[in-house]
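Engineer: Mind looking at a prediction? Sequence and model below.
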Amino acid sequence: MAVSLRKKGASIGSTAALWLGNPTLNPAVLAFIVLTLGWPWAALRVALGVALVLGGALLASRLVAQTGRNAPDAAAPEVPPRTAAEAGEQPGASSWLRSLLRLAVRLTPEYIVMVALLGAARAFFFPSGGLHLGGDPLVLAALAVLGTLFVIPTAGEIPIIQTMLAAGVGAGPAGVLLLTLAPVSLPSLLMLARVLPVRVLALLGGLTAATGLLAGLLAHAFGL
């Protein structure tokens, strides 16, 4: 969706807001968090999630404005907006299906490869047991980076956090993953590299990791 939005001429700020906001502030996921983890975890997700989405969109727009351009850099060539008329297509279901098919053909192979690689390394990134971690800032920072790169399905962070809490991992690491697993992943960064500048992707990835670190420190401090 974010790739298509950008190709249609949407600003970098709008694209970043959709990309970060769709998984982070998904109403169904938030309701699931309330039912499984409790309202304090949902409140933490909403408060820092809103800050991440709005802050990320504003900072991305400002970063591009400072460079005097609102298009991807040399690593991601600009894709001019295309309308249905310019593409020789009539708006409708058939046009939508053709666009979806083209997008799937381009993005699915790299997504499958990255998911397979990260899935193979899952046991090393997030062991299922034996971790009795607290609020060590270095541990939380490492988890923030890993959580930002790791890829999960929608709401997949919830069973991961439940398992970690049951294994005695602690609220700090769980808070980190609550805010880093959903918004950004290595596959999404690679796929968005074709339409967003590398500096913007680095900014949004770093901001996601920093937000996760803050969430972990708050979760540990308040004993969630």
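Structural biologist: Sure thing, it's come through.

Engineer: Next secondary structure after whichever helix or strand L138 is part of?
Structural biologist: L138 belongs to helix 137-149 when assigned by DSSP states H and E. Next along the chain after helix 137-149, taking DSSP H and E as the criterion, comes helix 157-166.

Engineer: Check the secondary structure at V169 for me.
Structural biologist: Three-state assignment for V169 (DSSP: H, G, I helix; E, B strand; the rest coil): coil.

Engineer: Got the phi and psi for it?
Structural biologist: For V169, the backbone dihedrals (degrees, to the nearest 10) come out as phi -70, psi -40.

Engineer: ok, back up a step: show me what counts as buried in the helix holding L138.
Structural biologist: 139-141, 143-149 (16 or more other Cβ atoms under 10 Å). Just so you know, the C-beta spots here come from the backbone N, C-alpha and C atoms, and that holds for glycine as well.

Engineer: Low-confidence stretches in the protein?
Structural biologist: Counting by pLDDT under 70, the chain contains low-confidence ranges at 68-92, 100, 102-134.

Engineer: show me where the chain has helices.
Structural biologist: 2-7, 12-24, 27-36, 39-67, 93-120, 122-125, 137-149, 157-166, 171-180, 186-192, 198-222 (DSSP state H).

Engineer: Need the winner for burial among those helices.
Structural biologist: helix 171-180 (a mean of 28; mean count of other Cβ atoms under 10 Å).

Engineer: angle of that one against helix 137-149?
Structural biologist: On the basis of axes from the mean of the first three to the mean of the last three Cα atoms, to 10 degrees, helix 171-180 is oriented at 30 degrees to helix 137-149.

Engineer: Use 327 as the first number for this chain going forward.
Structural biologist: Renumbered: residue one is now 327, and that last one reads helix 497-506.

Engineer: show me what contacts A354?
Structural biologist: Listed by Cβ atoms under 8 Å, 6 or more residues apart in numbering, the contact set of A354 reads A481.

Engineer: For it, give its distance to L361.
Structural biologist: Distance, A354 to L361, using Cβ to Cβ, to the nearest Å: 11 Å.

Engineer: hang on, the earlier thing: which elements pack onto the helix holding L464?
Structural biologist: Here helix 463-475 touches helix 497-506, helix 524-548, going by 3 or more Cβ pairs under 8 Å, 6 or more residues apart in numbering; DSSP states H and E.

Engineer: just so I know, which of those lies nearest G382?
Structural biologist: helix 524-548 (5.1 Å; Cβ to Cβ).

Engineer: Could you check the angle that closest one makes with helix 365-393?
Structural biologist: 150 degrees.

Engineer: What is helix 524-548 packed up against?
Structural biologist: Packing contacts for helix 524-548, counted by 3+ Cβ pairs under 8 Å, 6+ apart, involve helix 338-350, helix 365-393, helix 463-475, helix 497-506, helix 512-518.

Engineer: Measure how it sits relative to helix 338-350, angle-wise.
Structural biologist: Here helix 524-548 points in a direction 40 degrees away from that of helix 338-350 (the same axes, to 10 degrees).

Engineer: measure stretch 513-531 end to end?
Structural biologist: Taking Cα to Cα, to the nearest Å, stretch 513-531 runs 12 Å from one end to the other.

Engineer: Off-centre distance for it?
Structural biologist: Offset of stretch 513-531 from its chain centre (Cα atoms, centre = their mean, to the nearest Å): 11 Å.
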